[in-house]
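Colleague: Prediction below, plus the sequence it came from.
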Amino acid sequence: MICDCSALVNDARRLGRALRQTANLMVGIPDYDAYVAHRQRQHPGEAVMTREEYVRERQESRYARGGLRCC
């Protein structure tokens, strides 16, 4: 039986990306790369926020709702 190592490596990379994205989302770190890919795919030609703008917008969106307060 011959092992297709490239397929295993690709699967491992996809799993690693998925785990990293899940962990980041669990602690509130947005996925900028997924945002850029979405904008390029769904909204070609439109402006894309910089990483800093994106993180700031996501934080404001998450914490400015008024429902998430510690005090």
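Modeller: Sure thing, it's come through.
Colleague: For residue 40, give me its contacts.
Modeller: Counting by CB atoms under 8 Å, 6 or more residues apart in numbering, residue 40 makes contact with residue 48. C-beta coordinates here come from the backbone N, C-alpha and C atoms, glycine included.
Colleague: Helix or strand for it, just tell me which one.
Modeller: Per DSSP states H and E, residue 40 falls inside helix 32-42.
Colleague: Can you identify the element that follows that helix toward the C-terminus?
Modeller: Assigned by DSSP H and E, the successor of helix 32-42 is helix 51-63.
Colleague: Pull out the buried positions in that following helix.
Modeller: For helix 51-63, burial by neighbour count (16 or more other CB atoms under 10 Å) applies to 54, 58.
Colleague: ok, and what's touching it?
Modeller: With CB under 8 Å, 6+ apart as the test, helix 51-63 has contacts from 28, 30, 32, 35, 49, 68.
Colleague: what secondary structure does the first one sit in?
Modeller: Right, residue 28. For residue 28, the secondary structure call by DSSP: H, G, I helix; E, B strand; the rest coil comes out as coil.
Colleague: Identify the residue nearest it in space, chain neighbours excluded?
Modeller: Spatial nearest neighbour of residue 28, chain neighbours left out: residue 62 (6.7 Å); criterion: CB to CB, 6 or more residues apart in numbering.
Colleague: separation between that neighbour and residue 24?
Modeller: Remark: distance between residue 62 and residue 24 (CB to CB, to the nearest Å) = 13 Å.
Colleague: how far does stretch 41-60 stretch from start to finish?
Modeller: Terminal residues of stretch 41-60 are spaced 25 Å apart (CA to CA, to the nearest Å).
Colleague: Adjust the sequence numbering to begin at 49 for everything that follows.
Modeller: Sure, I'll start numbering at 49, so the last one becomes stretch 89-108.
Colleague: distance between it and the chain's centre?
Modeller: Centroid separation between stretch 89-108 and its chain, computed with CA atoms, centre = their mean, to the nearest Å, is 12 Å.
Colleague: now stretch 69-84, how far from the centre of its chain.
Modeller: Centroid separation between stretch 69-84 and its chain, computed with CA atoms, centre = their mean, is 3 Å.
Colleague: Which element, helix or strand, includes the closest residue to residue 82 other than its chain neighbours?
Modeller: Excluding the flanking residues, the one nearest residue 82 by CB to CB, 6+ apart is residue 69, at 7.1 Å. If you go by DSSP H and E, residue 69 is part of helix 53-74.
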